[in-house]
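In: Let me see the structure of the following:
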Amino acid sequence: MDGHELREVLETIATSGRPFAEVARSHDLSVGVYVLAAGAIDHQGPHTEDEVYYVIRGRGRITVGEEARAVGTGSIVFVAADVPHRFHDIAEELVVLVAFGPAEYTHRVDHDRGHPHA
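Out: Numbering: from 1, shown residues only. Below is the predicted model:
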């Protein structure tokens, strides 16, 4: 079993200076936590894998392709592979669980170059 406590993951993110920490990985799935402060700019680009966001807490908006919607605690958003997306208008710190299927970078040719959530 590979278990994690959200509090510990958030401490890791805070001390690393990076907004993302991966907590689980297999060939078919990767899961992490992504944190964006109120007013932050989300610099991520499209991923080569499908992904699902689950907002643990916070408030803001997300644009996926040409469609924008509000997100808040309990929101679930699916983003298909290669579709541009980003969080914006972040009113309260967003803490988001992110799941990639298959695992993030599985289809990305230059996957050794670093994490796009950095």
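In: my read: His27 touches Phe100, true?
Out: No: under the criterion of CB atoms under 8 Å, His27 is not in contact with Phe100, lying 11.3 Å apart. For glycine as for every other residue, the C-beta is placed from the backbone atoms N, C-alpha and C.
In: With neighbour numbers in mind, choose between these two.
Out: Using other CB atoms under 10 Å, the more surrounded residue of His27 and Phe100 is Phe100, with 23 against 8.
In: and the more buried one, what element?
Out: Phe100 belongs to strand 85-101 when elements are defined using DSSP states H and E.
In: Helices of the chain, residue ranges please.
Out: Along the chain, counting by DSSP state H, helices occupy 6-16.
In: Show me where the chain dips below the pLDDT cut-off.
Out: Scanning the chain for pLDDT under 70 picks out the ranges 109-118.
In: mind running it again at 50?
Out: Across the chain, the ranges flagged by pLDDT under 50 are 111-115, 118.
In: Show me where it has its strands.
Out: Secondary structure of the chain (DSSP state E): strands located at 20-25, 30-36, 50-64, 67-72, 76-79, 85-101.
In: neighbouring contacts of the second one?
Out: The list of residues contacting strand 30-36 from outside it, by CB atoms under 8 Å, 6 or more residues apart in numbering, reads 6, 9-10, 13, 19-25, 42, 53, 56, 58, 60, 87, 90, 93-100, 102-104, 117.
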